[in-house]
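K.L.:
Got a sequence here, can you build the structure:
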Amino acid sequence: GFPRTLGQAKALDGICELDLVISLNIPFETLKDRLSARWVHPASGRVYNMDFNPPQVQGIDDLTGEPLVQREDDKPEAVAARLRKYKDAAKPVIELYKNRGILHSFSGTETNKIWPYVYTLLSNKIPPVLSDEEN
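P.N.:
Numbers count the residues shown, from 1 in each chain. I've put the predicted structure just below:
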């Protein structure tokens with residue numbers, strides 16, 4: 001997400017005025033498991049997730065047959081350190097937007113269960129875009 005730090009939030013304030021901020025509260029273990037299950041095909045950047053988007057053959061890119069790799073920052077220990085660092089850096093950003101009254105938080109572990117609530121919020125805040133034929 002962005003902004004991740006208070007400095008980034010203040011820089012963003014300099015170029016636009018936010019009226020809505022969404023925070024997704026996902027349990028630490030869920031994030032760690034998902035990120036740690038990510039493998040990539042280096043040449044193309046194709047991303048696989050061993051839990052919900054695995055390659056047809058374990059460890060092999062579907063299109064080229066070349067080996068997949070796990071980025072160093074996706075290994076479980078690195079993910080845990082990244083998440084701890086993010087939590088510490090994001091805390092003042094969350095407080096800033098909470099104090100402004102524009103923070104909307106959603107909690108859960110599955111996109112398909114969180115998304116309807118986010119969609120409803122956005123639908124109520126953003127007017128629909130009409131095509132030329134509808135105008």
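K.L.:
Next one: residue 105 relative to residue 65, how far apart?
P.N.:
As defined by Cβ to Cβ, to the nearest Å, residue 105 lies at a distance of 43 Å from residue 65. Glycine gets a C-beta too; all of them are placed from N, C-alpha and C.
K.L.:
Settle it for me: which of the two has more neighbours?
P.N.:
Per other Cβ atoms under 10 Å, whichever of residue 105 and residue 65 has more neighbours is residue 105, with 12 against 8.
K.L.:
nearest spatial neighbour of that one, skipping sequence neighbours?
P.N.:
residue 23 (4.5 Å; Cβ to Cβ, 6 or more residues apart in numbering).
K.L.:
what helix or strand does that neighbour sit in?
P.N.:
Counting by DSSP states H and E, the element that carries residue 23 is strand 21-25.
K.L.:
in whichever helix or strand comes after that strand, what counts as buried?
P.N.:
Later in the chain than strand 21-25, the nearest helix or strand by DSSP H and E is helix 28-36. For helix 28-36, the neighbour count (16 or more other Cβ atoms under 10 Å) marks 31-32, 34-36 as buried.
K.L.:
quick one: the worst-scoring helix or strand of the chain on mean pLDDT to strand 21-25, angle?
P.N.:
Here the helix or strand of the chain ranked lowest by mean pLDDT, DSSP states H and E is helix 28-36, holding a mean of 90. For helix 28-36 against strand 21-25, the angle by axes from the mean of the first three to the mean of the last three Cα atoms, to 10 degrees is 90 degrees.
K.L.:
what about the closest residue to residue 5 other than its chain neighbours, which SS state?
P.N.:
Nearest residue to residue 5, sequence neighbours excluded (Cβ to Cβ, 6+ apart): residue 89, at 5.0 Å. Of the three states, residue 89 takes helix under DSSP: H, G, I helix; E, B strand; the rest coil.
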